[in-house]
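Undergrad: the amino acid sequence is not available; the structure is as follows:
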C-alpha cells in the first residue's frame with residue numbers, strides 16, 4: 001500500500017491528535033502562545049515568502065518545522081484596526097475601530113471587549129505585551145487594563161513624534177504643535193517621556209530580550225506573549241550588531257534583527273524545556289508601505305500594499321510552529337486570518353469564548369494538519385478606514401466594489417514618494433489563477449458577482465456602512 005506524504009504524516013501524529021481535546025480536559029498544563037506581530041511587513045519580506053537581499057534563517061527554520069499559510073489576512077490594511085482584529089477576533093468595524101488612533105485621540109478599544117489575554121486569563125495564563133500597542137493611549141485603554149500583566153513599549157506608531165519626515169524641516173517648537181513627544185511605557189507608567197532617535201536603535205533587541213526574560217520567569221505556568229514589533233514601520237531603526245549587514249540596506253538589516261529575535265525565542269523555549277508546549281505565530285499587521293521605496297517592503301506577487309484593499313494591503317506572511325503538534329513543512333492555501341487566533345487559542349486552552357459575537361473561527365484542524373481540513377470561512381470581508389465594505393472574498397473569488405486608491409511612487413532614504421490617485425470599477429478577480437489581480441472578470445461571471453454582492457448586503461445589514469452603524473456594530477471606548 002502506497003501512502004501519500006500527508007496520510008503518512010497524519011499516521012505518525014496520531015498520538016498527538018488524541019489529546020487535542022482541550023488542555024483542561026486532558027489534565028495537562030495548557031500550552032503557551034507567542035504572537036510576533038510585525039508592523040508593515042509585506043508578503044514577500046521574509047525568506048519563506050521570497051525575500052531578496054537578506055537572509056532570514058530562523059524564519060526559514062520556522063517554516064521547515066511548522067506551517068506556512070499563503071492566504072492569511074490581517075484585519076485591515078493599516079495599524080489600529082488590524083490590531084483590534086487580532087486581539088478581539090472581530091472584524092474591526094464590529095468593535096468600532098475604523099481608523100488609526102493618534103497622540104490626540106481620546107478613545108480606544110472598548111475595555112468591555114474581551115482580548116486574547118483576557119480569554120486566556122480564564123485559564124490562569126500569565127500575559128505580556130511588548131511593543132507597539134496603538135489601540136488608545138489613555139490609561140483605561142492601555143494593555144494593563146486590557147488583560148496584560150506586563151507591558152513595555154510605545155502607545156502608537158514610532159513615526160508619531162517630532163522627528164516625523166514631514167516635520168523634520170521645522171523648528172522643534174513648530175514640530176511639537178503637530179506631533180508631541182513619543183513616550184515609552186512600563187505598565188501604566190511613562191518611563192521615558194521623550195523617545196529620541198537614539199532610543200529607538202536598541203528597541204527591537206530590548207523587546208525580544210524582555211520576551212526571553214518573561215519566558216524564563218513563567219516557564220512553570222501557561223503564558224501568552226503578544227510581541228507587536230514597531231519595525232519595519234518607518235522610520236527604520238536597527239541595533240549596531242545588524243547595521244550594514246545586508247545588501248538590501250537598512251530595511252534588510254531591520255528584518256535580519258527581527259529574525260535574530262525569533263531565534264532568541266526558540267533558544268529560550270528550548271533552554272527552559274517548553275519548546276514542545278509552545279505555539280509561536282509570526283505574521284504582520286498589514287502589507288508594506290510602498291511609498292517609502294527602499295525603506296518599505298515588498299508584497300510581490302500581490303498588487304499594491306498598505307492602505308489599499310488589494311491583496312498587497314491585507315494578505316500577509318504567516319508562519320506557525322509548535323513541535324510535535326504542528327506537522328513540519330506544511331503549507332496551507334486555505335483562507336484564514338488574524339481574527340481566527342482568539343477562538344483557536346481559546347479552543348486549545350479550554351477557555352470560554354466571549355459572550356459577544358466574534359467573527360473568527362477555530363482553525364486548529366488546519367494548524368494540526370487534519371486530513372481534509374478546510375477554511376471555516378465561507379466569506380472574508382475587507383473594510384476601509386471609513387468602515388465601508390470594499391471587498392468580499394469567497395473561495396478563489398474576490399469582488400471589489402468601486403473605489404479610489406493611492407498608487408504610490410516609491411521614495412528614498414526614509415522620505416516618501418508622492419502617489420497617484422486611481423479609480424477602480426467594480427472588479428471580480430480569480431485569485432487562484434490571477435494572484436496579482438490584473439484581470440477583471442466581472443462581466444464574464446455575473447452570477448458570481450451577484451452572489452458576492454448578496455453576501456456583502458447581509459454583512460451591511462449587520463454592521464452598517466460608513467457612519468451608519470448596524471445592530472452588530474459595537475462602540476469604541
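TA: The structure has been received and is ready for your questions. Here the structure is a predicted model, which is why all the values come from computation and not from measurement.
Undergrad: the protein: helices as residue ranges?
TA: Using DSSP state H, the helices found in the chain span residues 5-12, 14-17, 23-26, 57-65, 79-88, 116-121, 172-178, 197-200, 203-217, 250-271, 311-314, 341-349, 364-367, 446-463.
Undergrad: for those, give me CSV that also has mean pLDDT, mean neighbour count and distance to residue 438.
TA: (Each C-beta comes from the backbone N, C-alpha and C, glycine too.) What follows is these, written out as CSV (pLDDT from 0 to 100; neighbours: other C-beta atoms under 10 Å; distance: least, C-beta to C-beta, whole Å):
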stretch, mean pLDDT, mean neighbour count, distance to residue 438
helix 5-12, 44, 12, 32
helix 14-17, 43, 11, 41
helix 23-26, 47, 14, 46
helix 57-65, 98, 19, 27
helix 79-88, 98, 29, 26
helix 116-121, 98, 23, 37
helix 172-178, 93, 12, 39
helix 197-200, 97, 14, 38
helix 203-217, 98, 19, 36
helix 250-271, 98, 21, 26
helix 311-314, 97, 28, 11
helix 341-349, 98, 24, 31
helix 364-367, 97, 21, 28
helix 446-463, 98, 15, 18
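Undergrad: Serialize these to CSV and add fields for distance to residue 225.
TA: Below are the helices of the chain laid out as CSV (distance: least, C-beta to C-beta, whole Å):
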stretch, distance to residue 225
helix 5-12, 29
helix 14-17, 23
helix 23-26, 17
helix 57-65, 16
helix 79-88, 13
helix 116-121, 10
helix 172-178, 34
helix 197-200, 21
helix 203-217, 6
helix 250-271, 9
helix 311-314, 25
helix 341-349, 12
helix 364-367, 18
helix 446-463, 31
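Undergrad: of those helices, which approaches residue 46 most closely?
TA: helix 57-65 (4.8 Å; C-beta to C-beta).
Undergrad: quick one: the closest one to helix 250-271, angle?
TA: 60 degrees (axes from the mean of the first three to the mean of the last three C-alpha atoms, to 10 degrees).
Undergrad: between the helices of the chain, which one is nearest to residue 389?
TA: helix 446-463 (5.5 Å).
Undergrad: please state the offset of the closest one from the chain centre?
TA: Distance of helix 446-463 from its chain centroid, counting by C-alpha atoms, centre = their mean, to the nearest Å, is 26 Å.
Undergrad: quick one: contacts of it?
TA: 91, 93-94, 378-379, 381, 387, 389, 392, 394, 397, 399, 401, 426, 428, 442, 469-473 (C-beta atoms under 8 Å, 6 or more residues apart in numbering).
Undergrad: care to break the chain down by domain?
TA: 30-377, 381-469 (automatic domain parsing).
Undergrad: could you export those as TSV, including distance to residue 477?
TA: Formatted as TSV, the domains of the chain follow (distance: least, C-beta to C-beta, whole Å):
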stretch	distance to residue 477
domain 30-377	4
domain 381-469	15
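Undergrad: okay, those domains, which one's buried deepest?
TA: domain 30-377 (a mean of 21; mean count of other C-beta atoms under 10 Å).
Undergrad: distance from the chain centre to that one, please.
TA: 5 Å.
Undergrad: returning to what we had before: for residue 416, which of the helices of the chain is the nearest?
TA: That would be helix 250-271 among those, by C-beta to C-beta, at 14.0 Å.
Undergrad: that closest one packs against which elements?
TA: strand 32-38, helix 57-65, helix 203-217, strand 278-284 (3 or more C-beta pairs under 8 Å, 6 or more residues apart in numbering; DSSP states H and E).
Undergrad: so which residues of the stretch 51-200 of the chain form strands?
TA: 67-73, 126-132, 150-154, 184-186, 189-192 (DSSP state E, counting those that start in this stretch).
Undergrad: any idea which of these gets closest to residue 345?
TA: For residue 345, the closest of these is strand 126-132, at 11.5 Å, according to C-beta to C-beta.
Undergrad: direction included, what does the closest one pair against?
TA: strand 150-154 (parallel), strand 223-227 (parallel) (DSSP bridges).
Undergrad: make JSON lines from these and add mean pLDDT and distance to residue 177 to it.
TA: Output for the strands paired with strand 126-132, formatted as JSON lines (pLDDT from 0 to 100; distance: least, C-beta to C-beta, whole Å):
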{"stretch": "strand 150-154", "mean pLDDT": "98", "distance to residue 177": "21"}
{"stretch": "strand 223-227", "mean pLDDT": "98", "distance to residue 177": "33"}
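Undergrad: can I get these in CSV including distance to residue 311?
TA: Compiled in CSV, the strands paired with strand 126-132 are given as follows (distance: least, C-beta to C-beta, whole Å):
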stretch, distance to residue 311
strand 150-154, 29
strand 223-227, 25
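Undergrad: between the ones you listed, which one is closest to residue 99.
TA: Once these are compared by C-beta to C-beta, strand 150-154 is nearest, at 18.5 Å.
Undergrad: can you check what angle separates the closest one from helix 203-217?
TA: 180 degrees.
Undergrad: tell me which residues are up against strand 150-154.
TA: 127-133, 142-144, 182-188, 195, 206-207, 210, 214, 228, 230.
Undergrad: residues making contact with stretch 389-404?
TA: 309-311, 335, 378-384, 421-433, 437, 442, 445, 448-449, 451-453, 455-456, 459-460, 463, 465.
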